[in-house]
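Visitor: okay, here's the prediction I keep looking at, along with the sequence it came from:
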Amino acid sequence: MATITANITLNSDITNHSISESMTMRKLGTTAGLDNATGIALKKFTSTSAVVVVEQDEVTDSKASKVYMRNSGSSKEDFFYVAINSSAAAATTTETIGKLYGGDWMLIPYEGATNLTVAPSTASDMTLEYGLFYE
Amino acid sequence: MAITTATIDITSTDLGISLNASTNLSKTGTSTGLEIMDAGYGEVTVAHSAKALLEASAVSGDRDTSNYFYLSNKATDETYYLIVKLHDTIIGRLSAGDWMFMPWSQGDADAEINITATNGTCAYEYATFKSAFTLVDKT
């Protein structure tokens, strides 16, 4: 059994409310740790075409899989659309999660029933850092 | 200008993973810090079925913007988990003690975030950080 730990800190001076949490990634409904990870990959994009970065058949559906993504760029104008969709990601795609701007990251549970697709907002070089953790 | 910083680290000595990342959350397409925050605690029971935790904006001008969402399942029984959805699409299952953080663009009016407790009542903590919030007409 492996141990994967993820910590988050959210500090804001909007209300001086801060959040700090730690979790150990575990198999659904158990205390056993997730055993598998793809490792952290980097993918360079040079067009605005949508690309599947996590395929649904990489994991078993309805478990405790998790996906990490980060736009490794620094531009706060350029972003990746991230969507739970077989092949598309755009403003109104069903179902686009959100826009990952330069430096932004996300860590979400992943159902595994549909691909995760990203689409850059510009054809200029952009790089996505991502990883999958699964049972 | 407010400053909100989100930091993550993921480590696993077993699997050879070590990463750290940090970002300042900014308004749509700018480096200006977000200034709207909503946070709180709640509890959802199995009997509640799916409940909208956050509604997507009813105002079209607030859609497709830069917003961020945090959720933590505060349940302590490992068999209790939350099913987290964007409208009808399941994002994933958030086990007891787990947290998630993601952008949330509110691409259309059918992009609400809803949660369902499974196997038992789940207490939760949430926070949203938004670019814009337009008041809607009174009813």
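Guide: Arrived safely.
Visitor: pLDDT score assigned to residue 66?
Guide: Let's take chain A. Residue A:66 carries a pLDDT score of 98 in this model.
Visitor: wait, chain B was what I had in mind.
Guide: pLDDT, residue B:66: 95.
Visitor: SS state for it?
Guide: Taking DSSP: H, G, I helix; E, B strand; the rest coil as the rule, one finds residue B:66 in the coil state.
Visitor: just residue A:91 next, same as before
Guide: coil.
Visitor: doesn't residue B:106 make contact with it?
Guide: No. Using Cβ atoms under 8 Å, residue A:91 makes no contact with residue B:106, being 9.8 Å away. All C-beta spots, glycine's among them, are computed from the backbone N, C-alpha and C.
Visitor: settle it for me: which of the two has more neighbours?
Guide: residue B:106 (29 against 13; other Cβ atoms under 10 Å in any protein chain shown).
Visitor: nearest residue to the more buried one other than its sequence neighbours?
Guide: Among residues not flanking residue B:106 along the chain, residue B:56 sits closest, at 4.4 Å (Cβ to Cβ, 6 or more residues apart in numbering or on different chains).
Visitor: run a quick neighbour tally on the one you found.
Guide: 21.
Visitor: how near is the residue nearest to residue A:1 when sequence neighbours are not counted to residue B:3?
Guide: Excluding the flanking residues, the one nearest residue A:1 by Cβ to Cβ, 6+ apart is residue A:33, at 4.8 Å. Separation of residue A:33 from residue B:3 (Cβ to Cβ, to the nearest Å): 35 Å.
Visitor: more neighbours, the two?
Guide: Counted by other Cβ under 10 Å, residue A:33 and residue B:3 do not tie: residue A:33 has more neighbours, with 19 against 14.
Visitor: for stretch B:41-50, which positions count as buried?
Guide: residue B:44 (16 or more other Cβ atoms under 10 Å in any protein chain shown).
Visitor: residues contacting the spatially most central residue of chain B?
Guide: For chain B, residue B:69 is the residue whose C-alpha lies nearest the centre (Cα atoms, centre = their mean; 2.8 Å). Neighbouring residues of residue B:69 by Cβ atoms under 8 Å, 6 or more residues apart in numbering or on different chains: B:54, B:100, B:101, B:102, B:103, B:104, B:113, B:126, B:127, B:128.
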